[in-house]
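Chemist: attaching a predicted model along with its sequence, questions to come.
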Amino acid sequence: MLMQQLLNGIVVGSVYGVFALGFTLIFGVNHIMNMAHGAVFMWGAFAGLYAVTMLDVGFPGALLFGAVGGGLLSVLLDWVAFRPLRKRGASDFSAIVSSIGANLILLSLAQQLTQTRVMRFPFDTFPIKVYTIFGLRIQLLQLVIVGLVILMVLGLVWYLYRTSYGRQIRAVAFSEQTSRLLGINPVAINFQVFFISGALAGIAGVLIGLVFNSVHFMMGEPLLLRGFVVIILGGLGSIPGALIAGLLIGIVQTMTVAYISAGMADAIVFSLLFLVLLFRPKGLLGGASAAVRVNRQ
């Protein structure tokens, strides 16, 4: 029973980590807390769901449509809610308020379009196969989710550190003005950053929709709160920290629901955050180990 719940926690935590990766990528580069990231996650899930139900594209197509839909919506958010503020040199608080407004608009649109219904993926979207290994019941979907998360994390790290575009992203994260002097176009870089962030959120939305077989207009709000906890716990701007913290939060939440009470899950998660920050104010991997934000000491 314990190992089974641990496995479930790793699967859920992996998706939390992917969601938080996009969250922390935007913060690491643009220093913005994008409070509309949960809405992007939700719309990505709907994009994948409608692709399956209306276009009959299957699981790979759902991931593709979720990624593209989330990526394009995230870019649109940047152009409407954040870019005008950056051009005017507005404060970070203004960006947070702008993102909250954008989040409310996206939630209202989804609520009207779906009429607050809970929608579900067709049962044949992903094959239901269960394997028994050392007494553990492991679903094929769980294996695929963990594999996809590993590939996405490795791909993102490779992109940031092994490509010229990744070096440009890290240069803009260090200083947008300095990057301009080096011939880097921050507008193009921000397009990449927001698209990647939204794509990760969209994929996470499709995966969560399949795991719980539930897609609705409020599904991103609880995850946004947990994503906020994840990036603080892992260290602001740290990609490996976001993944580790996501796994930790997923395991703690699953164990709490299984052995204590579902109503205590958030209380214990925030208590864990409080205890960690008492001893590690910058988070588990904050400061010099941050993978996006460049060490400026």
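Modeler: Now that the structure is in, tell me what you want to look at.

Chemist: quick one, strands of the stretch 51-200 of the chain?
Modeler: Listed in chain order, the strands of the stretch 51-200 of the chain (DSSP state E, counting those that start in this stretch) span 130-133, 136-139.

Chemist: please identify the deepest-packed of those.
Modeler: strand 136-139 (a mean of 14; mean count of other CB atoms under 10 Å). No exception for glycine: its C-beta is placed from N, CA and C like everyone else's.

Chemist: name the helices or strands packed onto that one?
Modeler: Counting contacts by 3 or more CB pairs under 8 Å, 6 or more residues apart in numbering; DSSP states H and E, strand 136-139 packs against helix 2-30, strand 130-133.

Chemist: report the distance from the last one to the chain centre.
Modeler: Counting by CA atoms, centre = their mean, to the nearest Å, strand 130-133 is centred 29 Å from the centre of its parent chain.

Chemist: only the C-alpha atoms, please, for that strand, written as CSV.
Modeler: The C-alpha atoms that make up strand 130-133 are tabulated as CSV, following Å, rounded to 0.1, in the frame of the first residue of the first chain:
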residue,chain,number,x,y,z
VAL,A,130,-2.2,-2.4,-15.9
TYR,A,131,1.0,-4.3,-15.0
THR,A,132,1.8,-6.0,-11.7
ILE,A,133,5.5,-5.6,-10.8
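
Chemist: that one pairs with which strands?
Modeler: Strand 130-133 has the following strand partners under DSSP bridges: strand 136-139 (antiparallel).

Chemist: re the thing from before, mind putting the strands of the stretch 51-200 of the chain in JSON lines, mean pLDDT and distance to Ile268 included?
Modeler: Listed next are these as JSON lines, based on pLDDT from 0 to 100; distance: least, CB to CB, whole Å:
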{"stretch": "strand 130-133", "mean pLDDT": "85", "distance to Ile268": "29"}
{"stretch": "strand 136-139", "mean pLDDT": "86", "distance to Ile268": "24"}
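
Chemist: give the contact list for Leu7.
Modeler: Going by CB atoms under 8 Å, 6 or more residues apart in numbering, Leu7 touches 136, 138, 142.

Chemist: distance-wise, check it relative to Ile231.
Modeler: 25 Å (CB to CB, to the nearest Å).

Chemist: Leu77: which of the strands of the stretch 51-200 of the chain is closest?
Modeler: strand 136-139 (33.8 Å; CB to CB).

Chemist: ok, and what's touching the closest one?
Modeler: So strand 136-139 is contacted by 3-4, 7, 128-132 (CB under 8 Å, 6+ apart).

Chemist: tell me how many other residues surround the nearest residue to Ala67 once chain neighbours are set aside.
Modeler: Closest residue to Ala67 apart from its sequence neighbours, by CB to CB, 6 or more residues apart in numbering: Ala199 at 4.0 Å. The local packing of Ala199 (other CB atoms under 10 Å) involves 24 other residues.

Chemist: ok, Ala199 - contacts?
Modeler: 22, 44, 67-68, 70-71, 74.

Chemist: lowest-confidence entry in those?
Modeler: Here the lowest pLDDT out of these sits on Gly22, with 87.

Chemist: so it makes contact with Ile196?
Modeler: Yes - the pair Gly22 / Ile196 is scored as a contact, 7.0 Å apart, by CB atoms under 8 Å.

Chemist: who has more neighbours out of the two?
Modeler: Taking other CB under 10 Å, Gly22 and Ile196 do not tie; Gly22 has more neighbours (31 against 25).

Chemist: contacting residues around the spatially closest residue to the more buried one that is not a sequence neighbour?
Modeler: Nearest non-adjacent residue to Gly22, counting by CB to CB, 6+ apart: Ser197, 3.5 Å away. Residues near Ser197 by CB under 8 Å, 6+ apart: 21-23, 25-26, 34, 37, 40, 71, 74.
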